[in-house]
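Colleague: Here's a sequence, model it:
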Amino acid sequence: MSLQSEEGLYTELLVKLNLLKESLYQKFEKNLVVYDMLDEVNILLSILYSTGKYDKELNKLLCKTCIGNKKILINSDAHYCSIYENMNYTYGMFDFAVANGFNVILNGGDIIEGDVKPRNDLNVLQQAEYFINEYPFDENIKTYALLGNHDYRAINKHPFVRGIISSRDDINILDLKKSFINWDGNIISLQHTIDSYKLRLPYTIECLCFKGHSHYYHIKEKTGGKGERIFIPAMCDDPVINLSNAELDKNATRPGFLTAEIFDDNIVVVHYSFINNKIEKKNEFKKVLVKK
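Modeller: Down below sits the predicted model:
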């Protein structure tokens, strides 16, 4: 295939992709949940990525969110309105963010409990309203939140949930299951497992993937300097189960959050835990950025 015909195919796919995404977002704005369209979007993305020649343009398409700050705070799995909810962790996290100059918070999903183990039998609409009313506000802090499996179940039950939890100007709701972010020129992602949502994710070149859902901190490193998965601890008291191995120390299973900062050619990720009403630093991971 000639370069001209390759570029023609690339242009044709981009046009179709943009039309699909525009239609999809219009339906989201009308609270119409048409998730199957995302499969077609991601199939197109996979085809485009397979060429291996258009990373720069595709990154612009994938990364709807751009963050210029060199330091971010990452949390996940607060499960607001669940029987395991602990708002003191959220308040403590916000106090930490303010005291240490963090203006961007990334949330890895499972914002609300949905219909699994809600407290006081709160329905999903009430849970969404609770989140909007109780989540702390600071004019200098912006929160970007991925939707997890509990959020997905809640939105499927009542599509207006998505509109409610995104109704505050300081809270930006991202995609389902995975979202790509341009962080100071580096591509990172947030991810959260949704078994019932059969979305095929395209191969990507993110340097770090922050993953919710597991409720405990651990890292799956990869060779080549790209694609490490950092699993985010939970922001609730849900006990971690099915951990039969002794490789995870008790600190890894404690509620907590992560911070990430860019220092010259390194990203430093720090794991913090809530212990005896205090926030304690537990682990540090350093990643050398691959030269662009």
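Colleague: and for stretch 95-110, what are the contacting residues?
Modeller: 67, 69, 71-79, 93, 138, 140-151, 181, 190-192, 210-213, 232, 257, 259, 272, 279 (C-beta atoms under 8 Å, 6 or more residues apart in numbering). For glycine as for every other residue, the C-beta is placed from the backbone atoms N, C-alpha and C.
Colleague: Flag every buried residue along that stretch.
Modeller: 97, 102, 104-110 (16 or more other C-beta atoms under 10 Å).
Colleague: and these, which of them are in helices?
Modeller: Using DSSP state H, the members of the buried residues of stretch 95-110 that fall in helices are Ala97.
Colleague: could the buried residues of stretch 95-110 be laid out in CSV, adding distance to Asp265?
Modeller: Formatted as CSV, the buried residues of stretch 95-110 follow (distance: C-beta to C-beta, whole Å):
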residue, distance to Asp265
Ala97, 25
Phe102, 21
Val104, 21
Ile105, 25
Leu106, 22
Asn107, 28
Gly108, 26
Gly109, 30
Asp110, 34
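Colleague: Can you tell me which of the buried residues of stretch 95-110 comes closest to Asn133?
Modeller: Asn107 (16.8 Å; C-beta to C-beta).
Colleague: which SS class is Met93?
Modeller: helix (DSSP: H, G, I helix; E, B strand; the rest coil).
Colleague: Please list all residues in contact with the nearest residue to Gly109 once chain neighbours are set aside.
Modeller: Setting aside the residues directly before and after it, Gly109 is nearest to Gly148 in space (C-beta to C-beta, 6 or more residues apart in numbering), at 2.6 Å. Neighbouring residues of Gly148 by C-beta under 8 Å, 6+ apart: 76-77, 108-111, 192-194, 212-213.
Colleague: What subset of these is buried?
Modeller: Buried by 16+ other C-beta under 10 Å: 76-77, 108-111, 192, 194, 212-213, out of these.
Colleague: Looking at those, which are in strands?
Modeller: 212-213 (DSSP state E).
Colleague: Next, format the buried ones among the contacts of Gly148 as CSV and append distance to Ile173 and pLDDT.
Modeller: Converted to CSV, those look like this (distance: C-beta to C-beta, whole Å; pLDDT from 0 to 100):
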residue, distance to Ile173, pLDDT
Ser76, 14, 98
Asp77, 16, 97
Gly108, 13, 97
Gly109, 10, 95
Asp110, 13, 96
Ile111, 9, 97
His192, 13, 93
Ile194, 15, 85
Gly212, 14, 96
His213, 17, 94
